[in-house]
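> predicted model, plus sequence, below.
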Amino acid sequence: AVISRLDWDKVVRLFADIRHLAPSFLPTVENSTGQIVVGGLREHFHYVVEAMKGTAGRIREYADAPLSHHALLENAQVILNEIRLGVIHPKIPTIDDLTGNILQTAEEVEGSLRNHLVNPLRFRLGVEYIYDQGIRLAVEAGPKNVLAGIMKKDHPDLVVLSTNTFEDIENTIGCFNSQQ
């Protein structure tokens, strides 16, 4: 489900208040200011809807959305921890979307990736970090341009280039490297 019109701290407090009714429900992704994805067991969803009635927020259910970034995936996390990921040293600055911090080594990147299954994704923190650094141009690599829209929601003046092939990514990086 997606909660809108409430900030991260308010959603965290709301879920703490109803923990005894809906123990499986947690905020899982902070996309932007006022847009937070939440997840949990279907039988607890109606408690979340009821709790939302006393707030300025709105909730929208996505029945087929996969559960991600949630403690219910702990068994999968154990399996993932046994797999060698083979992460290499980042060639460009990499921002941890769990914390908003810069990841500078392969070990830091791997640690962040390993923590993705069971920890909330705080995408907004990374966007805030780059924006606070004066960066106004971002590159989104992926099959769709969903993140571009999310970033521009909080920062309309941010220019976001979206690309979806490895060749496009290499060309984009090459353009930036030639400008330095």
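Alright, I've got the coordinates. Bear in mind that the values here come from a model prediction, so they are computed numbers and not experimental data.
> the strands in this structure, which residues?
Listed in chain order, the strands of the chain (DSSP state E) span residues 2-4, 26-32, 35-39, 58-60, 94-95, 102-103, 137-141, 159-163.
> quick one: contacts of the second one?
Translated: strand 26-32. Residues from elsewhere that reach strand 26-32, judged by C-beta atoms under 8 Å, 6 or more residues apart in numbering: 3, 8, 11-12, 15, 36-40, 67-71, 120-125, 127, 150-151, 153-154. Just so you know, the C-beta spots here come from the backbone N, C-alpha and C atoms, and that holds for glycine as well.
> same check on the last one?
Here strand 159-163 makes contact (C-beta under 8 Å, 6+ apart) with 136-142, 144-145, 147-148, 151-152, 169, 172.
> can you pick the most crowded of these?
Most neighbours among the contacts of strand 159-163, by other C-beta atoms under 10 Å: Met151, with 23 neighbours.
> against Val127, how distant is that residue?
For Met151, the distance to Val127 equals 5 Å [C-beta to C-beta, to the nearest Å].
> quick one: low-confidence ranges for the protein?
Residues of the chain that meet the criterion pLDDT under 70 lie in 179-180.
> can you check which helix is longest in it?
Under DSSP state H, the helix in the chain containing the largest number of residues is helix 166-179.
> select only the buried ones of the contacts of strand 26-32 in ChimeraX?
Selecting only the buried entries of the contacts of strand 26-32 in ChimeraX, with 16 or more other C-beta atoms under 10 Å as the criterion:
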select :3,8,11,12,15,36,37,38,39,40,68,69,70,120,121,122,123,124,125,127,150,151,153,154
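> spit out the contact partners of His69.
By C-beta under 8 Å, 6+ apart, the contact list for His69 reads 28-29, 39, 116-121.
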